[in-house]
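Q: Sequence below, structure please.
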Amino acid sequence: MDHLDKLESRSIHILREAYSEFNNICMLWSVGKDSTAMLWLARKAFFGHVPIPLVHIDTSYMIPEMIEHRDKLAKKWNLDMIYGQDEETLAAGDTFPNGGATHLECCGRLKTAALKNTLNGNWRRYRYNHNKDEYELDSNREPYTGVIVGARADEEGSRSKERYFSPRDRNNDWDIGDQPPEFWDQYKTDFAPGTHVRIHPLLDWTELDVWEYIQREKIPMVSLYFDQGQGKRYRSLGCAPCTEPVESTASTVDEVVEELKTGKFANIAEREGRAQDKEDGGGLEELRKDGYM
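A: All right, here's what the predicted structure looks like:
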């Protein structure tokens, strides 16, 4: 069993454990490489069928190709696809692109608040109707007790403090100092009633691991990760007004893998192009304490 096989085996075990231990869970899908690789793992874990709803937080400022890719795979893989958003903030125009908020304030509204209120059922959800080929208002407002997330420990400082099974309170707030120990592949899954749990199957994967897995499994990726002839590509995906590409001529998965192996980005943060990280001093810990992905 090689390195990728071991990572895959552990992630599949965690996905199955989460599905068996928690009654009403969902999986966050940002359409980025990590959550798409995680979605692929879920398909393997459950033999081609994903029995868990996929939740996407739509800020309405996502790069259009991301939404196109989401809906294309939702149809192709017959996914139970749901999205939520902060409709009140969008209607009021209190966002960074409209000059009504800083990057962090905008993220706090369109991502953190939208995520929390989509998960707890306080705000409207929209579910994809495969028969009608459109999204409809979802009548199910039952709160999700757990959410599977494609966070990696090496991606950003605060994520290195996570556990595979990481408890939050009823409001999705994260107490970093109150995390259960996880030794010898033993995971705590019996939490007090009312605890919201974040599950991280990719926690010990690296950026290179993810791309090598994408390469091996031939996982379809959104084209934004590849140079389209302008000498630039995205390393991390987010809202169009707040995400910058990196200088790169890698136009295929193979070329991305080779580029990462050269160490070109070894001293450059993966989320360097994300404006909210810079505004927060290079980290997302305060946002994540309040429920951010």
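
Q: so where is this structure shaky, pLDDT-wise?
A: 156-160, 169-177, 181-184, 273-293 (pLDDT under 70).

Q: quick one, domains of it?
A: 3-205, 207-277 (automatic domain parsing).

Q: hey, which helix is longest across this structure?
A: helix 3-21 (DSSP state H).

Q: by contact count, what packs against that one?
A: helix 33-45, strand 146-148, strand 196-199, helix 207-217 (3 or more CB pairs under 8 Å, 6 or more residues apart in numbering; DSSP states H and E). Where C-beta positions appear, they are placed from N, C-alpha and C, glycine not excepted.

Q: Quick one: distance of that helix to the chain centre.
A: Between the centre of helix 3-21 and the centre of its chain there are 17 Å (CA atoms, centre = their mean, to the nearest Å).

Q: Could I have the CA atoms of it written out in CSV?
A: The C-alpha trace of helix 3-21 is given here as CSV (Å, rounded to 0.1, in the frame of the first residue of the first chain):
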residue,chain,number,x,y,z
HIS,A,3,1.3,6.7,0.4
LEU,A,4,-1.8,7.7,-1.5
ASP,A,5,-3.5,4.4,-0.8
LYS,A,6,-3.0,4.9,2.9
LEU,A,7,-4.4,8.5,2.8
GLU,A,8,-7.4,7.2,0.7
SER,A,9,-8.0,4.4,3.1
ARG,A,10,-8.1,6.6,6.2
SER,A,11,-10.3,9.2,4.5
ILE,A,12,-12.8,6.6,3.4
HIS,A,13,-12.8,5.1,6.9
ILE,A,14,-13.6,8.6,8.4
LEU,A,15,-16.3,9.2,5.8
ARG,A,16,-18.0,5.9,6.6
GLU,A,17,-17.6,6.5,10.4
ALA,A,18,-19.2,9.9,10.1
TYR,A,19,-22.1,8.5,8.1
SER,A,20,-22.7,5.8,10.6
GLU,A,21,-22.4,7.9,13.7
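
Q: So for residue 98, which of the helices and strands packed on helix 3-21 sits nearest?
A: Nearest of those to residue 98, taken as CB to CB: helix 33-45 at 27.4 Å.

Q: Show me the contact partners of that closest one.
A: Residues from elsewhere that reach helix 33-45 (CB atoms under 8 Å, 6 or more residues apart in numbering): 8, 11-12, 15-16, 19, 27-29, 49-50, 52, 54, 73, 77, 79, 148-152, 155, 201-202, 205, 210-211, 213-214, 217, 219-222, 225, 237.
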